[in-house]
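In: Turn this into a structure:
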Amino acid sequence: MNHIHLLTELSRQLSERIMSFFKIRTHSPLLGLTYLTASIISLLAVILWHSERFGLFGSGLMLGWDSPSYIELTKELFKNGELQTVTTWSYPQLYVQLLAVFGYTVRNLTMAERTLPLIFAFLGLCASFLITLRISTNVHIAGLAVLLQAFSISFLKIVSDNNRNLMALSLTFVTMLMVEYSWKRQPRVRDYVVLTALTLAIAMTQFETFGVLSLTLMISALLTRRIHHVVVSSLTVAIPAILMVVAFPSFFLTYFQTTIQTPRQTLGLADLFYWIGFRTVARSSCAGLRLCIYEVAEEWQHFESADICLEHSFAKHLRGCLRRTPTGPK
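Out: Predicted coordinates for the structure are as follows:
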């Protein structure tokens, strides 16, 4: 243990000397803002370049495959009213409702569908930057990660196409930050309300993403072996799940009867794995496990520091006792 502690201390001092030599700051708000701004501008440039390349400006065409479907669902919402449409859907489709509000505000549904995904993309980039910065404690690592995310093919696809998934994923990143923050201290009622509202919004946007998030939060909380973490994660997951089951029971009863691709093709187990994606489950689980390992590592650091302090205190006390012990006549 002493050898491990010595190697850890030497590596830490070496990294600090290297960073001080190159004048690198691991926590700099200006650098973080610069990286975030560069990633947002890069993403916006890619989107604008592809829009110009395919001649989308001045037309009603969309960059992605699913984007026209969101517009059609929004028009259906305007035509039939919210209550009747949501009842027909048997699912709230929160992204479509937000698109309807945003489109009504700007008076241009096409422009709204092109703008709203960028807002959630920017939110996702900011949350990803904060998560990486929290784990690595290095603004350059977090900045490089968020820059690579802006050019990632998978991220560009959900920004231009799977906008409902993009909204759920961005809110998932924010939820992970909030949960990790609530694990650090005793949560208040406001924290439970905010976390429940976020997870409920995810469940109302894409329930499959909510399912993966719930599994990740519960596994992470159980692995920490802290009752406080389990309580926070359980309430965050259970309340939205109960509300969705009570409000939209037919969505779950007829889930595997949902038509996909063609009216004669219904959703099967293989299709469910395809839409959710093993990679998505693996990435979310890895994110939760990394969060758990990070928490456990911090606890071990506290234990090790307490052990070192106890050793120093004991040695100091022992030296004091030896000084006070009479040696007797010579």
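
In: What residue spans form the domains of the chain?
Out: 26-161, 163-253+272-304 (automatic domain parsing).

In: Just send those domains back as JSON lines, with mean pLDDT too.
Out: As requested, the domains of the chain are arranged in JSON lines below (pLDDT from 0 to 100):
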{"stretch": "domain 26-161", "mean pLDDT": "88"}
{"stretch": "domain 163-253+272-304", "mean pLDDT": "79"}
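
In: JSON lines for those, including mean neighbour count?
Out: C-beta here means a position set from N, CA and C on the backbone, and glycine is covered the same way. Shown next, in JSON lines, are the domains of the chain (neighbours: other Cβ atoms under 10 Å):
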{"stretch": "domain 26-161", "mean neighbour count": "17"}
{"stretch": "domain 163-253+272-304", "mean neighbour count": "17"}
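
In: Quick check: phi and psi at the closest residue in space to residue 105 that isn't next to it in sequence.
Out: Leaving aside its sequence neighbours, residue 105 sits nearest to residue 112 (Cβ to Cβ, 6 or more residues apart in numbering; 7.8 Å). Dihedral pair for residue 112: phi -60, psi -40, per degrees, to the nearest 10.

In: Tell me the spacing between residue 112 and residue 46.
Out: 20 Å (Cβ to Cβ, to the nearest Å).

In: cool, residue 94 as well?
Out: From residue 94 to residue 46 the distance is 27 Å (Cβ to Cβ).

In: isn't residue 250 right next to residue 90, touching?
Out: Yes. In this structure residue 250 lies within contact range of residue 90 using Cβ atoms under 8 Å: 4.5 Å.

In: Tell me which helix or strand the closest residue to residue 226 other than its chain neighbours sits in.
Out: Distances taken as Cβ to Cβ, 6+ apart put residue 183 closest to residue 226, at 7.7 Å, once the chain neighbours are dropped. Secondary structure assignment for residue 183, by DSSP states H and E: helix 163-184.

In: So residue 143, which state does it fall into?
Out: State at residue 143, reduced to three classes by DSSP: H, G, I helix; E, B strand; the rest coil: helix.

In: residues contacting residue 124?
Out: 155, 166, 169, 170, 173 (Cβ atoms under 8 Å, 6 or more residues apart in numbering).

In: Next up, the contacts around the third one.
Out: The contact partners of residue 169, by Cβ under 8 Å, 6+ apart, come to 124, 158, 209.

In: could those residues go into TSV alongside distance to residue 237 and secondary structure?
Out: Output for these, formatted as TSV (distance: Cβ to Cβ, whole Å; DSSP: H, G, I helix; E, B strand; the rest coil):
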residue	distance to residue 237	secondary structure
124	21	helix
158	23	helix
209	13	helix
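
In: Strands of this protein, start to end?
Out: 259-260, 262-266 (DSSP state E).

In: before we move on, back to that, which ones are touching the residue nearest to residue 226?
Out: 224, 226, 228, 229, 232, 295.

In: Then residue 89?
Out: Neighbours of residue 89 in contact, by Cβ under 8 Å, 6+ apart: none.

In: now swap in the one 4 residues further on and tell me
Out: Contacts were defined as Cβ under 8 Å, 6+ apart; by that measure residue 93 touches 73, 86, 164, 204, 205.

In: Tell me the one among the residues you listed nearest to residue 32.
Out: Closest to residue 32 out of the contacts of residue 93 is residue 205 (28.0 Å), distances taken as Cβ to Cβ.

In: And the closest one, how close does it get to residue 142?
Out: 26 Å.

In: Which residue is the nearest non-sequential neighbour of residue 213?
Out: Residue 213's closest residue in space is residue 172 (Cβ to Cβ, 6+ apart), at 5.1 Å.

In: pretty sure the one you found contacts residue 208?
Out: No. If you go by Cβ under 8 Å, residue 172 and residue 208 don't touch, sitting 11.4 Å apart.

In: right, and residue 237 touches residue 218 too?
Out: Yes. Counting by Cβ under 8 Å, residue 218 is a contact partner of residue 237 at 6.4 Å.

In: give me phi/psi at residue 60?
Out: Given degrees, to the nearest 10, the pair of backbone angles that residue 60 has is phi -90, psi 10.

In: and if you look at residue 66?
Out: Dihedral angles (degrees, to the nearest 10) for residue 66: phi -90, psi -10.

In: What residue, apart from its backbone neighbours, is nearest it spatially?
Out: Residue 66's closest residue in space is residue 161 (Cβ to Cβ, 6+ apart), at 5.3 Å.
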